[in-house]
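*Asks:* okay, sequence plus prediction incoming.
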Amino acid sequence: MEGVQEPDPDLLIEFDNVALRRGRNTLVGPLSWHVGPGERWVILGPNGAGKTSLLRIAAAELHPTSGSAHILGETLGRTDVSELRPRIGLSSAAIAQRVPSGERVADLVVSAGYAVLGRWREQYDDIDHDRAREMLAAIGADHLVDRQYGTLSEGERKRVLIARSLMTDPELLLLDEPAAGLDLGGREDLVARLADLAGDDMAPGIVLITHHVEEVPQGFTHVLMLRDGTDVAQGPLSEVMTAENLSETFAQPIVLSAEDGRYFARRDRR
Ligand SMILES: Nc1ncnc2c1ncn2[C@@H]1O[C@H](COP(=O)(O)OP(=O)(O)OP(=O)(O)O)[C@@H](O)[C@H]1O
């Protein structure tokens, strides 16, 4: 990639004029987006806005068609992604679907460091198992350690997969709709766990995709609102999470309220 600028070593994600095209369709961009250390971002936008595609570029799973994309100081197109990916924790529905139902939770989490799904290898050390249990405990799922993945509820599965994505001690944690499909209690439980994680200084930078402002955990710092692949608005939550920006993003009049660091939205029927 000629003409690509050098990465800023202080940024976790540094996308400049990034675009992703498939045939005649532009799925993402052109979009510039920078994520700094300690930041906790939420990506909001309607179905088909390009949220998952953007996150997959950040996960080094997709290469942008144009623009410059640096992740953790490495430049996509110039770096060996097999070395970059273990530095990124990713939890998504696509990964969830690939987990064999008979997989034991302990094995699923411990194998993350070796990037295998559903392939139990016996050479993991005690230190790996201790860390797996620690990651499960961090997300309130340590009691599930001996269960089979297929027997877990939707909410339990989400938490186990987040524990798995933390296993490698990633510098960047990417969560694609972690609260999708959860009931009210399950959602509140997960949102509270993510708020704890957001408040932990030792936790990696976090980017979370959601469809619902109610799922934005307390302690999140920034928001990127996407529509038709591009950013309607982005920046600190306190400035950018407004009814006006949500209305433009979702192309309908939205009323927004906030309480105790949580947000609530509905359509304005007046
Ligand atoms: N390989 C592909 N070829 C063509 N179009 C694609 C391809 N993959 C995704 N798309 C389209 O790109 C757009 C963005 O998809 P993406 O999954 O990134 O959106 P999203 O915001 O995550 O949507 P949702 O909220 O429904 O999950 C969609 O219109 C989708 O149909």
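*Replies:* Yep, it's here.
*Asks:* get me the contact residues on the stretch 51-200 of the chain for the ligand.
*Replies:* Within reach of the ligand by Cβ under 6 Å from any ligand atom, the stretch 51-200 of the chain has these residues: 51, 52, 53. (C-beta placed from N, C-alpha, C; glycine too.)
*Asks:* and if we set it to 8 Å?
*Replies:* Selection of the stretch 51-200 of the chain residues close to the ligand by Cβ under 8 Å from any ligand atom yields 51, 52, 53, 54, 55, 56, 176, 177.
*Asks:* as a markdown table, those residues with pLDDT would be great.
*Replies:* Listed next are those as a markdown table, based on pLDDT from 0 to 100:
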| residue | pLDDT |
| --- | --- |
| 51 | 97 |
| 52 | 96 |
| 53 | 97 |
| 54 | 98 |
| 55 | 97 |
| 56 | 96 |
| 176 | 95 |
| 177 | 93 |
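*Asks:* any chance you could map the strands in the stretch 1-150 of the chain?
*Replies:* Ranges of strands in the stretch 1-150 of the chain, per DSSP state E, counting those that start in this stretch, are 13-22, 25-35, 40-44, 66-71, 74-75, 88-91.
*Asks:* now the ones you listed in a markdown table, with mean pLDDT?
*Replies:* As requested, the strands of the stretch 1-150 of the chain are exported to a markdown table (pLDDT from 0 to 100):
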| stretch | mean pLDDT |
| --- | --- |
| strand 13-22 | 97 |
| strand 25-35 | 96 |
| strand 40-44 | 98 |
| strand 66-71 | 96 |
| strand 74-75 | 94 |
| strand 88-91 | 93 |
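*Asks:* tabulate these (a markdown table), appending mean neighbour count.
*Replies:* Below are the strands of the stretch 1-150 of the chain laid out as a markdown table (neighbours: other Cβ atoms under 10 Å):
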| stretch | mean neighbour count |
| --- | --- |
| strand 13-22 | 19 |
| strand 25-35 | 19 |
| strand 40-44 | 26 |
| strand 66-71 | 21 |
| strand 74-75 | 17 |
| strand 88-91 | 24 |
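*Asks:* make TSV from those and add distance to residue 172 to it.
*Replies:* Listed next are those as TSV, based on distance: least, Cβ to Cβ, whole Å:
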stretch	distance to residue 172
strand 13-22	7
strand 25-35	8
strand 40-44	10
strand 66-71	7
strand 74-75	11
strand 88-91	5
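*Asks:* nearest to residue 196, out of these?
*Replies:* Nearest to residue 196, of all these, is strand 40-44, at 11.8 Å by Cβ to Cβ.
*Asks:* contacting residues around the residue nearest to residue 173 when sequence neighbours are not counted?
*Replies:* The shortest distance from residue 173 to any non-neighbouring residue, by Cβ to Cβ, 6 or more residues apart in numbering, is to residue 89 (4.4 Å). If you count contacts by Cβ atoms under 8 Å, 6 or more residues apart in numbering, residue 89 has them with 165, 166, 167, 168, 170, 172, 173, 174, 204.
*Asks:* again, but for residue 37
*Replies:* Residue 37 neighbours (Cβ under 8 Å, 6+ apart): 10, 11, 12, 205.
*Asks:* ranges for the helices of the stretch 51-200 of the chain?
*Replies:* Secondary structure of the stretch 51-200 of the chain (DSSP state H, counting those that start in this stretch): helices at 51-58, 81-84, 93-98, 105-110, 126-138, 154-166, 184-198.
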